[in-house]
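Asks: For reference, the sequence and a predicted model appear below.
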Amino acid sequence: MHRAAPDLRRARHAGLRADLAAALAAALLVLVAVLVGRHIQDTRRTLFVHWPPLFADWDPHLGPGTAAAVLVAAAVVAYGPSVAVRLPWRGLLAAAWGTALAWTWSLALIDGWRRGVAGRLTAHNEYLTVIGRFHDIPATLRDFTHHIVSGSPAPWPAHVAGHPPAATVTFVLLDRIGLGGGGWAGAWCITVGSTACVAVLVALRALTDERLARRAAPFLVAAPAAVWVGASADGYFAAVAAWSVALLALAVTGRSVAWAAGAGLLYGLTCYLSYGLTLFALIGAAVLLLERRRVRARPLVLVLLLAGAAVVPVVFTLAGFDWWEGYRLLVTRYYQGVGGTRPYGYWVWADLACTVLITGLATAAGLRRAGAALVHRRSAPAAEIRLAVLVGAAALAVLVADVSGMSKAETERIWLPFAMWLPAGCALLPRPRAWLAGQVTLALLINSLLFTGW
């Protein structure tokens, strides 16, 4: 016993040093991306971002949300870990959503109501600029692919052309029920997007254990990704995708096989919100892998999952929209614009620096811990291995998106749905308050020193 105590201390110190090394490596990646990106943009003008690797402008500022953001950040650091342990489970879920709402709203309002919320989705490349063209939704869906490529008659703005029509139809329907305009659209994205952390918690509890889910809660709530959830449509996409995985986790762990139909329905919707989010199949596959014995014993789960996943594609196909044709034309549109000029050799690694900025340095350390759990899976606790598989699936989805070349720049917004899962690895970190302090400080600095484009 006397020999074991020093060995344990040495192991803990070695683990902490490795965590700090991972965080330092992530910070250096960001620094190199900034310096190299600045040089490329100043000399060649091929990045099309003003503060590489982020789509942002240098603009130190305060706003009406500054004081609230600082207070929320301080509360999460001071009380988050202890409150997450003590609250009843349902109370924790409600508290997580409420805190995520407060954090996201306060960060958005650092930029002010117009710049931070109401004006985000009314910019010239955004969804609300085409609401009037959807007065006949079925007719517009039948004609949708005819306006994707630049040079076609009345081409869609970049974001409308770059996504399947379910994204735009969402805001059309909000307008139809009287919630039109940028304010309501921004509020929708923030309110729905803030539930993503709750979905991840539900999945973690079902697939790993409640202790790890509780440890992850403060990191999921306070992720720097909230800077872009408020207010971009990708925050809304992230929540839909996250709930598809959460419902699948509930279905395969025996709560009710009916959840599988809901999981499939939301996954189908996810694919019609963003082409790239088909990669969420990797995270869903990780869920099925972790619970493969139960899935084999309850094949109805797969039947309901596939049936649910077919609903949205069938509806849009019958309405006249061809997803595959839309994607093919999007690739053409992408290379017609800045996507054809932005250098792959820079963005293939600088996009990963963007991921560091939206997930934080603590997440780099958490990913190291998750990787160590997989390497030492014979001795690691089963719950930690299962957590590592989930986080690893999200990281794999990011890497596939990265090497595809269809995500050169602006990934701080585009990869939000995947980024919501990566901070779950922080549940494996000791001394959570110190890591949380780094997370919220990064978010405050980004939102206060830069004016982000989304």
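Replies: Nice, I can see it.
Asks: burial of Ala69, as a residue count?
Replies: Applying other CB atoms under 10 Å, we find 25 other residues in the vicinity of Ala69. Every C-beta, even on glycine, is put in place using the N, C-alpha and C of the backbone.
Asks: Isn't it up against Leu107?
Replies: Yes. If you go by CB atoms under 8 Å, Ala69 and Leu107 touch, sitting 5.3 Å apart.
Asks: Show me the common contact partners of those two, please.
Replies: Leu444, Asn447 (CB atoms under 8 Å, 6 or more residues apart in numbering).
Asks: Where do the strands of this structure begin and end?
Replies: Remark: strands assigned in the chain by DSSP state E are 56-58, 450-452.
Asks: As CSV, those strands with distance to Gly230, mean neighbour count and mean pLDDT would be great.
Replies: Formatted as CSV, these follow (distance: least, CB to CB, whole Å; neighbours: other CB atoms under 10 Å; pLDDT from 0 to 100):
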stretch, distance to Gly230, mean neighbour count, mean pLDDT
strand 56-58, 15, 14, 97
strand 450-452, 10, 20, 97
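Asks: Looking at those strands, spot the one closest to Gly262.
Replies: Closest approach to Gly262 among the strands of the chain (CB to CB): strand 450-452, 33.0 Å.
Asks: Now do the same contact list for the nearest residue to Ala216 once chain neighbours are set aside.
Replies: Leaving aside its sequence neighbours, Ala216 sits nearest to Ala427 (CB to CB, 6 or more residues apart in numbering; 3.8 Å). Residues near Ala427 by CB under 8 Å, 6+ apart: Leu204, Leu212, Ala213, Arg215, Ala216, Phe219, Gly366, Leu387.
Asks: show me what contacts Leu396?
Replies: Leu282.
Asks: before we move on, back to that, nearest to Gly91, of the strands of the chain?
Replies: strand 450-452 (32.8 Å).
Asks: So what's the residue count around the nearest residue to Gly453 once chain neighbours are set aside?
Replies: Leaving out its chain neighbours, the residue that sits closest to Gly453 by CB to CB, 6+ apart is Phe55, at 4.0 Å. Using other CB under 10 Å, Phe55 has 21 neighbouring residues.
Asks: ok, Phe55 - contacts?
Replies: By CB under 8 Å, 6+ apart, the contact list for Phe55 reads Val49, Ala409, Glu410, Glu412, Arg413, Thr452, Gly453, Trp454.
Asks: separation between the second one and Ala167?
Replies: In other words, Ala409. Separation of Ala409 from Ala167 (CB to CB, to the nearest Å): 19 Å.
Asks: again with the fourth one
Replies: The span separating Glu412 from Ala167 equals 18 Å under the rule CB to CB.
Asks: same thing with Ala26?
Replies: 31 Å.
Asks: Specify which residue of the two has the higher count of neighbours.
Replies: Per other CB under 10 Å, whichever of Ala26 and Ala167 has more neighbours is Ala26, with 24 against 19.
Asks: What score does the more buried one have for pLDDT?
Replies: In this model, Ala26 is scored at 98, pLDDT.
Asks: same thing with the one 5 residues further on?
Replies: Leu31 carries a pLDDT score of 98 in this model.
Asks: Number the residues from 506 up from this point.
Replies: All set: I'll call the first residue 506, so the last point we hit is now Leu536.
Asks: what separates the residue lying closest to Gly769 once chain neighbours are set aside from Ala900, distance-wise?
Replies: Using CB to CB, 6+ apart and skipping the chain neighbours, the partner closest in space to Gly769 is Gly813 (2.6 Å). Taking CB to CB as the measure, Gly813 falls 26 Å from Ala900.
Asks: quick one, which of the two is more surrounded?
Replies: Neighbour count, other CB under 10 Å: between Gly813 and Ala900, Gly813 has more, with 24 against 21.
Asks: Spit out the contact partners of that one.
Replies: Residues in contact with Gly813 (CB under 8 Å, 6+ apart) are Ala765, Ala766, Gly767, Ala768, Gly769, Leu770, Leu771, Tyr772, Gly773.
Asks: buried ones in the helix or strand bottoming out on mean pLDDT in the chain?
Replies: In the chain, the helix or strand scored least confidently by mean pLDDT, DSSP states H and E is helix 509-548, which has a mean of 89. By neighbour count on 16 or more other CB atoms under 10 Å, the buried set for helix 509-548 is 520, 524, 527-528, 531-532, 534-535, 538-539, 541-542, 545-546.
Asks: Would you format those residues as CSV with distance to Val654 included?
Replies: Converted to CSV, these look like this (distance: CB to CB, whole Å):
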residue, distance to Val654
Gly520, 52
Asp524, 48
Ala527, 43
Ala528, 43
Ala531, 38
Ala532, 41
Leu534, 35
Val535, 35
Ala538, 31
Val539, 34
Val541, 32
Gly542, 29
Ile545, 28
Gln546, 27
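Asks: Mind telling me the two of those farthest from one another?
Replies: Greatest spatial distance among those (CB to CB): Gly520 and Gln546, at 38.8 Å.
Asks: quick one: which of the contacts of Gly813 is nearest Leu947?
Replies: Closest to Leu947 out of the contacts of Gly813 is Leu771 (30.2 Å), distances taken as CB to CB.
Asks: okay, now the closest one: neighbour count?
Replies: Counted with other CB under 10 Å, the neighbours of Leu771 add up to 26.
Asks: Can you name the residues that contact it?
Replies: Residues near Leu771 by CB under 8 Å, 6+ apart: Val745, Ala746, Trp748, Ser749, Leu752, Gly813.
Asks: likewise Trp618?
Replies: Trp618 sits in contact with Pro569, Gly688, where contact means CB under 8 Å, 6+ apart.
Asks: Need the pLDDT of it.
Replies: 98.
Asks: Next: Ala747.
Replies: Note on Ala747: pLDDT of 98.
Asks: Just confirm it contacts Ala704, I think it does.
Replies: Yes. Judged on CB under 8 Å, Ala747 makes contact with Ala704 at a distance of 3.7 Å.
Asks: In the stretch 556-705 of the chain, what residue spans correspond to helices?
Replies: Per DSSP state H, counting those that start in this stretch, the stretch 556-705 of the chain carries helices over the ranges 571-591, 594-615, 618, 642-648, 663-666, 671-681, 687-698, 701-712.
Asks: Mind putting these into CSV with distance to Ala731?
Replies: Below are the helices of the stretch 556-705 of the chain laid out as CSV (distance: least, CB to CB, whole Å):
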stretch, distance to Ala731
helix 571-591, 9
helix 594-615, 4
helix 618, 17
helix 642-648, 32
helix 663-666, 20
helix 671-681, 20
helix 687-698, 9
helix 701-712, 9
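Asks: winner for burial among these?
Replies: helix 701-712 (a mean of 26; mean count of other CB atoms under 10 Å).
Asks: What mean pLDDT does that helix get?
Replies: For helix 701-712, the mean pLDDT works out to 98.
Asks: go on, stretch 782-789?
Replies: For stretch 782-789, mean pLDDT rounds to 98.
Asks: Name the residues of stretch 826-835 that are buried.
Replies: Quick answer for stretch 826-835 (16+ other CB under 10 Å): Phe826, Trp828, Gly831, Tyr832, Leu834, Leu835.
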